[in-house]
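> my questions are about this predicted structure, shown below with the sequence.
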Amino acid sequence: MYIYNVTINIDNDVAEEWLQWMMNTHIPDVLKTGCFTEHKILRVMADEESGGKTYSVQYFFNTLDDMEIYEKQFAASLRDEHTQRYKDKFVAFRTLLHVVK
């Protein structure tokens with residue numbers, strides 16, 4: 001099993017609205033691609049020097065082929081939608097993880 005982890009720091013002034021949008025719109029759209037089996041949203045429990053709230057959104061998938069399909073067919077449009085909606089209000093980085101045990 002693999003995890004596609006997206007860590008996002010979102011400005012405080014839009015954090016609550018962003019979280020609702022993620023849970024009600026963005027994450028369901030990502031899951032509709034059929035590339036992921038489940039997801040989790042985690043709040044990073046650390047003081048942010050730059051302000052904002054930090055979340056880890058984790059999408060679980062079974063094969064690297066699933067991730068390749070997501071990247072080639074779906075990722076750009078979903079990222080663009082997020083970026084247009086929250087331009088200059090977030091910083092994000094992405095990590096691929098392999099579950100060892």
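On my side now, so go ahead. Numbering: from 1, shown residues only.
> from here on, just use CA atoms for contacts and neighbour counts.
Fine.
> please identify the helix or strand for His82.
Taking DSSP states H and E as the criterion, His82 maps to helix 75-85.
> now stretch 9-25: average pLDDT?
For stretch 9-25, the mean pLDDT works out to 96.
> residues in contact with it?
Under the contact criterion C-alpha atoms under 8 Å, 6 or more residues apart in numbering, stretch 9-25 has outside partners 51-55, 89-92.
> buried members of these into ChimeraX, please.
Per 16 or more other C-alpha atoms under 10 Å, the buried members of these correspond to this ChimeraX selection:
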select :52,53,54,55,89,90
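> narrow the contacts of stretch 9-25 to those in helices?
When these are checked against helices (DSSP state H), there are no matches.
> using CSV, lay out the contacts of stretch 9-25 together with distance to Leu19 and pLDDT.
Listed next are the contacts of stretch 9-25 as CSV, based on distance: C-alpha to C-alpha, whole Å; pLDDT from 0 to 100:
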residue, distance to Leu19, pLDDT
Gly51, 16, 81
Gly52, 12, 90
Lys53, 10, 93
Thr54, 11, 94
Tyr55, 9, 96
Lys89, 13, 96
Phe90, 12, 95
Val91, 15, 93
Ala92, 14, 95
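> between the contacts of stretch 9-25, which is closest to Met67?
Nearest to Met67 among the contacts of stretch 9-25, counting by C-alpha to C-alpha, is Ala92 at 18.2 Å.
> low-confidence ranges in the chain?
47-50 (pLDDT under 70).
> can you give me the strands for it?
2-10, 38-43, 53-61, 90-98 (DSSP state E).
> need the nearest residue in space to Arg43, chain neighbours excluded.
Excluding the flanking residues, the one nearest Arg43 by C-alpha to C-alpha, 6 or more residues apart in numbering is Tyr55, at 4.4 Å.
> residue contacts, that neighbour?
7-9, 41-44.
> beta partners of it?
Going by DSSP bridges, Tyr55 is paired in beta bridges with Ile8, Arg43.
> would JSON lines of the strands of the chain with distance to Glu68 be doable?
Shown next, in JSON lines, are the strands of the chain (distance: least, C-alpha to C-alpha, whole Å):
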{"stretch": "strand 2-10", "distance to Glu68": "11"}
{"stretch": "strand 38-43", "distance to Glu68": "17"}
{"stretch": "strand 53-61", "distance to Glu68": "11"}
{"stretch": "strand 90-98", "distance to Glu68": "12"}
